[in-house]
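Q: Give the three-dimensional model of this entry:
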Amino acid sequence: MAMAPDKPRNLLVAYAIRAFAILLVLIGVVLIGGGGWLVALGGSPYYVLAGIGLAAAGWLLFRLRLAGVVVYAAVFAATVVWALWEVGLDSWGLIPRLIGPAILMALAAWAAWGLAETPSLRRTARWALPGFLLLAVVFGLAVYAVDAPAAALALPARALAARDPSSAAAGADWPAYGGTYAAQRYSPLAQITPANVGKLQRAWVFHTGDLPSAIAKDTYGSENTPLKVGDTLYVCTPKSQLIAVDPSSGRERWRFDPHVQDIWIPYTAACRGVAHYIVPGAAASAPCASRIIWGTLDSRLLAVDARTGRACEDFGQRGQVDTKAGMGPVTPGMLSITSAPTIVRGVVVTGHQVLDGQRRDAPSGAIQGYDAVTGALRWAWDMERPDLTGLPPAGDMYTRGTPNMWTTASGDETLGLVYLPLGNTAGDYWSSSRGARERQFSTSLVAIDVITGKPAWKFQAVHMDVWDYDLGSQGTLVDFPTAHGAVPAIVLPGKQGDVYVLDRRTGAPLTKVVERPAPQGGVEPAMRSPTQPHSLFHTLRKVDLTERSMWGMSPIDQMACRIQYRLAEYRGFYTPPETRRRWVEYPGYNGGSDWGGVAVDPVRGVIVANYNDMPNYNRLIPRAEADRKGWAPRGQTRGGPLGGGPEGAGDPQVGTPYAISVNAGWRLPITRLLCKEPPYGGIRAIDLATGRTLWDRPFGTARRNGPFGIPSGLPFHIGTPNNGGSVVTAGGVVFIAAATDNLVRAIDLKSGQTLWEDKLPGGGQATPMTYSVGGRQYVVIMAGGHHFMETPVSDALVAYALPPT
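A: Model (predicted):
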């Protein structure tokens with residue numbers, strides 16, 4: 001005999017309870033279906049069991065039975081136990097497992113109040129509602145507290161030698177992209193300290209006027225770090241314009257516009273930096289005795305007078321050199337210069353950005369050295385043609401598709417070496433067609449003798465790279481402390497997360513590097529290296545992912561990510577590319593460490609490294625399938641005139657059997673949330689001498705992140721993706737923007753705590769710099785935004801200083 005339903009308080013309450021019951025049933029059905037699929041794939045049985053419980057609770061509540069609340073309460077209690085078993089007290093891990101169920105529990109408590117027949121039961125149900133809402137608040141506070149750096153250790157007590165082999169020093173000036181060609185991103189200025197940085201205020205804002213046209217709106221990302229030399233600040237815009245600015249007022253003095261057309265924009269319209277050169281022996285008042293040299297998006301090398309902005313007539317053809325000479329056919333956008341040149345012993349060394357993923361026979365990655373006075377080609381290094389020292393013979397060209405240097409070199413004036421962080425062969429995810437020397441030099445740091453243009457040594461960070469782990473970070477020159485005294489060294493961080501310390505004279509590792517077995521198989525099993533190098537000095541890489549690492553804002557999207565994880569091929573770090581199904585690449589191609597590099601306090605002996613911590617979800621697409629999708633390289637009708645979307649999201653790789661589909665960050669298709677549990681980026685201090693972590697913290701808040709691309713506005717320190725680097729000062733303060741929350745921060749070098757922050761007019765995907773004028777220290781950041789990082793584009797250059805005294 002059927003039992004009568006419990007009596008609701010009124011008809012409206014009955015309707016509301018039944019609506020809630022329908023919601024429970026719908027969620028239960030989704031969990032049963034998805035959970036059953038997950039179990040069939042070998043995953044957690046929780047979701048299907050929870051789905052059965054929700055469906056049963058919903059069915060009882062639809063019949064207005066108080067037993068439905070009891071059933072759901074049992075499901076919730078089991079969920080709490082399961083969540084704690086899976087992730088312990090990890091607040092980010094508990095969010096998708098408990099926040100949604102806790103909200104449903106609060107609604108179930110309200111339903112109990114509506115169905116309760118006795119006053120005591122009603123009082124209990126009435127207090128349960130705010131109780132479960134309070135639980136959600138407590139979780140929120142726990143997440144907010146994650147900002148605190150983990151286990152901050154004392155800074156090293158020793159003081160190290162701070163020798164820099166560069167010809168110009170950072171201090172009052174910032175004469176090179178990395179501060180100097182040693183790329184330490186360190187300033188001896190100490191006016192701004194942890195004690196007074198809270199008083200920092202905007203000194204001025206300068207607008208460059210270089211904003212994207214309609215056709216280029218999805219390509220801008222300035223990435224610029226200005227130079228300050230003497231009484232002038234030099235800033236380069238996304239379309240390669242050079243602007244001279246008064247460093248104390250932010251007023252424009254002059255500009256030089258090379259008139260680059262939009263069609264030459266590669267993946268990103270960017271100009272990370274420019275170079276300064278003083279002609280030896282020239283009178284200070286002579287034209288172009290002091291000159292600025294930089295590259296453009298259409299691969300010209302330009303030189304102008306640092307005082308007037310007029311072209312240097314003695315450099316190349318009336319102030320410019322076409323570096324495309326010898327490259328053969330170049331489709332606009334396929335070859336560009338987006339990084340600052342490096343000048344050592346009067347030789348301007350530059351590489352090129354060769355547009356990724358388009359075709360195997362892309363333009364060459366040849367490195368070129370030009371005379372800083374005349375612009376004459378002093379040498380060219382084509383790795384596949386070591387006997388070729390200059391331009392190829394008429395009708396010939398540099399070897400196409402070879403590894404390139406799209407980032408910035410560092411240089412040692414004393415040793416006469418430049419250090420080239422090389423990328424990969426064109427067609428990153430296919431290796432069978434690579435030449436013998438390409439295999440030797442790809443994803444390697446190569447030291448080049450700047451006089452001869454010949455390699456002095458190389459160090460390969462990844463063997464037979466098919467993960468787009470090209471070296472994006474500029475190497476940092478330091479004196480490395482050893483038991484036998486300081487050794488000239490270079491610190492090299494990689495996208496795969498390892499940090500290496502090498503003798504910069506010979507390339508020999510100064511800290512231990514071991515070869516460990518790597519996963520085999522994939523589409524080219526014969527090409528996979530049996531081992532890969534691992535640095536035992538330090539790694540920014542976290543532990544391998546598991547199904548429990550999957551995330552979401554609710555159990556449903558977490559379940560979807562778990563299903564994707566089980567469907568993919570993943571055997572840990574260096575899982576080979578697959579075509580039958582997706583494979584997980586972790587870390588993804590954005591790092592680890594990318595083009596922002598690291599900063600080093602050479603006196604305290606501390607490395608500051610911001611890093612990314614996200615996987616990619618990839619698949620090699622057979623050529624016929626790619627053709628059906630209409631994927632074609634730049635310059636062809638289907639390829640379009642300009643890029644758009646994340647790199648690798650439909651790159652054709654013409655000339656190989658496969659195109660590549662990269663889900664950068666591994667996002668869900670509807671909510672756009674990332675499948676990996678936060679944090680997605682961090683910042684860390686490392687003892688230079690030992691490689692110990694001094695402190696480590698998530699970096700970046702969720703203010704501009706949220707489901708469906710809607711900014712949440714929440715100040716939670718989720719640790720966001722970040723691009724751009726930091727600057728560290730003798731005052732003990734680290735300045736950095738880089739994250740996707742549009743904030744620039746001052747961080748205490750000693751503790752890792754944020755001391756000050758300000759909201760920028762656009763995304764801060766650039767590295768700051770610092771200088772002084774008239775005894776006043778300034779910190780400057782280009783808030784240009786970035787299309788890939790999905791931050792707002794701006795043309796604002798922002799300067800900060802303490803209030804005048």
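Q: Can you get me the start-to-end distance on stretch 760-779?
A: 13 Å (CA to CA, to the nearest Å).
Q: Kindly apply the preceding question to stretch 316-334 instead.
A: So stretch 316-334: terminal residues 23 Å apart, CA to CA.
Q: Now it: average pLDDT?
A: Stretch 316-334 shows a mean pLDDT of 97.
Q: what's the burial count for G709?
A: 11 (other CB atoms under 10 Å). (C-beta placed from N, C-alpha, C; glycine too.)
Q: can you pull out the strands in the stretch 501-650 of the chain?
A: With DSSP state E, counting those that start in this stretch as the criterion, the stretch 501-650 of the chain has strands at 513-517, 531-535, 538-539, 583-585, 598-601, 606-612, 616-622, 649-651.
Q: and the residue lying closest to R776 once chain neighbours are set aside, what are its bridge partners?
A: Excluding the flanking residues, the one nearest R776 by CB to CB, 6 or more residues apart in numbering is A801, at 5.6 Å. With DSSP bridges as the criterion, A801 is bridged to Q201, Y778.
Q: Am I right that A801 is in contact with V780?
A: No: contact criterion CB atoms under 8 Å: A801 and V780 do not qualify, at 9.7 Å.
Q: after the helix or strand of the chain with the lowest mean pLDDT comes which helix or strand?
A: Lowest mean confidence among the helices and strands of the chain (mean pLDDT, DSSP states H and E): helix 119-144, at a mean of 58. Using DSSP states H and E, the helix or strand that follows helix 119-144 in sequence is strand 186-187.
Q: Just checking: what are the partner strands of that following strand?
A: Strand 186-187 has the following strand partners under DSSP bridges: strand 726-729 (parallel).
Q: where does the protein dip in pLDDT?
A: 1-9, 117-151, 158-159, 161, 637-646 (pLDDT under 70).
Q: Please enumerate the helices of it.
A: 11-40, 46-62, 67-87, 91-94, 100-115, 119-144, 436-441, 555-567, 623-629 (DSSP state H).
Q: export those to JSON lines and tack on mean neighbour count and distance to V274?
A: Shown next, in JSON lines, are the helices of the chain (neighbours: other CB atoms under 10 Å; distance: least, CB to CB, whole Å):
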{"stretch": "helix 11-40", "mean neighbour count": "17", "distance to V274": "53"}
{"stretch": "helix 46-62", "mean neighbour count": "22", "distance to V274": "55"}
{"stretch": "helix 67-87", "mean neighbour count": "18", "distance to V274": "48"}
{"stretch": "helix 91-94", "mean neighbour count": "20", "distance to V274": "41"}
{"stretch": "helix 100-115", "mean neighbour count": "22", "distance to V274": "51"}
{"stretch": "helix 119-144", "mean neighbour count": "14", "distance to V274": "41"}
{"stretch": "helix 436-441", "mean neighbour count": "17", "distance to V274": "27"}
{"stretch": "helix 555-567", "mean neighbour count": "22", "distance to V274": "43"}
{"stretch": "helix 623-629", "mean neighbour count": "14", "distance to V274": "39"}
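Q: And the ones you listed: which comes nearest N590?
A: helix 555-567 (19.0 Å; CB to CB).
Q: and the angle for the closest one with helix 67-87?
A: Interaxial angle, helix 555-567 versus helix 67-87 (axes from the mean of the first three to the mean of the last three CA atoms, to 10 degrees): 40 degrees.
Q: So what touches helix 555-567?
A: Contact with helix 555-567 is made by 27, 30-31, 34-35, 37-38, 41-44, 47, 50, 96-97, 100-101, 545, 547, 549-552, 581-582, 584, 617, 666, 668, 671, 673, 675, as judged by CB atoms under 8 Å, 6 or more residues apart in numbering.
Q: And for stretch 15-34?
A: 8, 47-48, 50-62, 64, 68, 72, 104, 107-108, 111, 114-115, 555-556, 559-560, 563.
Q: ok, T482 touching L510?
A: Yes: T482 is in contact with L510 according to CB under 8 Å; the separation is 7.0 Å.
Q: Compare the two and say which is more crowded by neighbours.
A: Comparing T482 with L510 by other CB under 10 Å, the one with more neighbours is L510, at 20 against 13.
Q: just checking, that one touches L492?
A: No: applying CB under 8 Å as the test, L510 and L492 come out as separate, 11.2 Å apart.
Q: Touching both of the two, which residues are there?
A: Taking CB under 8 Å, 6+ apart as the contact rule, L510 and L492 both touch V501, L502.
Q: Adding distance to D322, write the helices of the chain out as a markdown table.
A: Below are the helices of the chain laid out as a markdown table (distance: least, CB to CB, whole Å):
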| stretch | distance to D322 |
| --- | --- |
| helix 11-40 | 57 |
| helix 46-62 | 60 |
| helix 67-87 | 57 |
| helix 91-94 | 51 |
| helix 100-115 | 59 |
| helix 119-144 | 54 |
| helix 436-441 | 25 |
| helix 555-567 | 47 |
| helix 623-629 | 33 |
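Q: Y234 is nearest to which of these?
A: Comparing those by CB to CB, helix 436-441 comes nearest, at 32.7 Å.
Q: send the alpha carbons of the closest one over as CSV?
A: The C-alpha trace of helix 436-441 is given here as CSV (Å, rounded to 0.1, in the frame of the first residue of the first chain):
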residue,chain,number,x,y,z
ALA,A,436,71.4,15.2,-39.0
ARG,A,437,72.5,18.7,-37.8
GLU,A,438,68.9,19.8,-37.2
ARG,A,439,68.7,16.8,-34.8
GLN,A,440,71.8,17.9,-33.0
PHE,A,441,70.9,21.6,-32.6
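Q: Could you measure from C236 over to Q184?
A: For C236, the distance to Q184 equals 21 Å [CB to CB, to the nearest Å].
Q: Of the two, which one has the most company?
A: Shown here are C236 and Q184; by other CB under 10 Å, C236 has more neighbours (30 against 27).
Q: Can you report how many residues neighbour L743?
A: For L743, using other CB under 10 Å, the count is 19.
Q: Now do the contacts for it.
A: G700, T701, R703, A737, E757, D758, K759, L760, G764.
Q: which ones are touching the residue lying closest to W457 once chain neighbours are set aside?
A: Once flanking residues are discounted, W457 sits nearest to G507: 3.4 Å by CB to CB, 6+ apart. With contact set as CB under 8 Å, 6+ apart, G507 has these partners: L445, A447, A456, W457, K458, F459.
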